[in-house]
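Asker: here is a sequence together with a model predicted from it:
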Amino acid sequence: MPRPPDPAAAGGTGGTDAGAPVLRMLGPADRRLWGEARLAALTVSPEAFRMDLADWRAGGEERWRARLDDPTALALVALLDDRPVGLAGGLVSPDGVPELRSLWVAPAARGRGLATRLVTAVEEWAGERGAPLIRLAVLTGNTPARTLYERLGYRRSGARPGEHLMTRTLGERGA
């Protein structure tokens, strides 16, 4: 199992650190918290995801919970006052390339650098696996997310219907 992100970089351990959200790596025992975070993301920001609440109820929840049992995957939740205010995942794709998945930050927690912290934690996870790069997919209409990824050094590398594919070489950071 991957080691948790550096507590100093994550904002401490436990509940909060002077109002800064805390990153927590989740495992199989954290299914309730993972589900709570995912439902919050789908409810508050449905435009950011391919899956919606109906998909969640039709089997998506089990697929998401299975990630917690996958020793090659990473599940992170950002907590503020012990409530989820962000999440991100890391999965190794069938072609062996690590992927950043489902980044989300609650509106009340935006503007604090939390998205960058979550992305960085997933990149560190990918780097610990010896990966030279990381990939993600962002919905074509999600301009704020695409802008964030470009600022962090991600570049378009392809497309799928409704999505831009982006990659970043690990160890390099955008300007």
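Answerer: Thanks, I have the structure now.
Asker: these two touch, right, residue 73 and residue 88?
Answerer: No: counting by Cβ atoms under 8 Å, residue 73 sits too far from residue 88 to count as a contact (11.4 Å). All C-beta atoms are positioned from the backbone trio N, CA, C, and that covers glycine.
Asker: have a look at the two and say which one is more surrounded.
Answerer: Counted by other Cβ atoms under 10 Å, residue 73 and residue 88 do not tie: residue 88 has more neighbours, with 26 against 19.
Asker: from the contact counts, what lies against the longest strand that the chain contains?
Answerer: Longest strand in the chain by number of residues, with DSSP state E as the criterion: strand 83-92. Packing partners of strand 83-92 (3 or more Cβ pairs under 8 Å, 6 or more residues apart in numbering; DSSP states H and E): helix 31-44, strand 74-80, strand 98-105, helix 114-128.
Asker: any low-confidence regions in this structure?
Answerer: Low-confidence segments of the chain (pLDDT under 70): 1-18, 46, 48-61, 63-65, 172-175.
Asker: for residue 160, which of the helices and strands packed on strand 83-92 is the nearest?
Answerer: strand 98-105 (12.6 Å; Cβ to Cβ).
Asker: helices or strands up against the closest one?
Answerer: helix 31-44, strand 83-92, helix 114-128, strand 133-139.
Asker: any chance of those in TSV with distance to residue 100 as columns?
Answerer: As requested, these are arranged in TSV below (distance: least, Cβ to Cβ, whole Å):
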stretch	distance to residue 100
helix 31-44	14
strand 83-92	6
helix 114-128	5
strand 133-139	4
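Asker: which one of these lies closest to residue 154?
Answerer: Of the helices and strands packed on strand 98-105, nearest to residue 154 by Cβ to Cβ is strand 133-139, at 6.7 Å.
Asker: please consider this matter closed, and thank you.
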